[in-house]
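Asker: sharing a sequence plus its predicted fold:
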Amino acid sequence: MSLEQQLIERLQQLSPSHLDVVNESAGHGGYFPGKESHFKAVIVSEAFAGLRLVQRHQKVYAAAGDLLGPGSIHALAIHAYLPEEWKGQDTSSPDCAHAPKP
C-alpha cells in the first residue's frame with residue numbers, strides 16, 4: 001500500500017468531514033517517479049474543537065505516527081480546520097527552491 005493511502009487511512013481516525021491528501025513530492029528536489037516524501041493534508045474535523053493550531057498539528061502528527069520520519073514521509077504540510085472555519089481557503093503550496101527545473 002502506498003504511503004499516501006496509508007496516510008489517508010491514518011487520518012480517517014480524526015473523523016474528517018473533508019480530507020484531501022496530496023502527494024507533492026514531484027515539486028521537490030531529488031524527485032523520481034513513484035517517490036513519496038512530501039505531502040499536504042487538508043483536514044476539516046470536529047476533533048479540532050477547542051484546540052490551538054499547534055495542538056491540531058500534534059493530533060495530526062500522532063495520527064500519522066511512524067509514517068513520518070527517515071525513509072518515509074519527509075515533510076507534511078498541515079491545514080487543519082473546524083467545519084465552521086472551512087470556507088474553501090487557499091491551501092496551495094509555495095514552489096520549492098530545490099524543485100526540478102523544467
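Answerer: Thanks, I have the structure now.
Asker: rest of the way, CA atoms for contacts and neighbours
Answerer: Noted.
Asker: which stretches of this protein form helices?
Answerer: With DSSP state H as the definition, the chain shows helices at residue ranges 3-11, 53-64.
Asker: turn the ones you listed into JSON lines, columns for mean pLDDT.
Answerer: Formatted as JSON lines, those follow (pLDDT from 0 to 100):
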{"stretch": "helix 3-11", "mean pLDDT": "95"}
{"stretch": "helix 53-64", "mean pLDDT": "97"}
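Asker: just send these back as TSV, with distance to Pro70 and mean neighbour count too.
Answerer: Listed next are the helices of the chain as TSV, based on distance: least, C-alpha to C-alpha, whole Å; neighbours: other C-alpha atoms under 10 Å:
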stretch	distance to Pro70	mean neighbour count
helix 3-11	13	16
helix 53-64	14	16
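Asker: nearest to Thr91, of those?
Answerer: helix 53-64 (15.3 Å; C-alpha to C-alpha).
Asker: what packs against the closest one?
Answerer: Judged by 3 or more C-alpha pairs under 8 Å, 6 or more residues apart in numbering; DSSP states H and E, helix 53-64 is in contact with helix 3-11, strand 75-81.
Asker: tell me how far that helix lies from the chain's centre.
Answerer: Centroid separation for helix 53-64 versus its chain: 11 Å, with C-alpha atoms, centre = their mean, to the nearest Å.
Asker: may I have the beta-bridge partners of the spatially closest residue to Trp86 that is not a sequence neighbour?
Answerer: Spatial nearest neighbour of Trp86, excluding adjacent residues (C-alpha to C-alpha, 6 or more residues apart in numbering): Val44 at 6.8 Å. When bridges are called by DSSP bridges, Val44 pairs up with His18, Tyr81.
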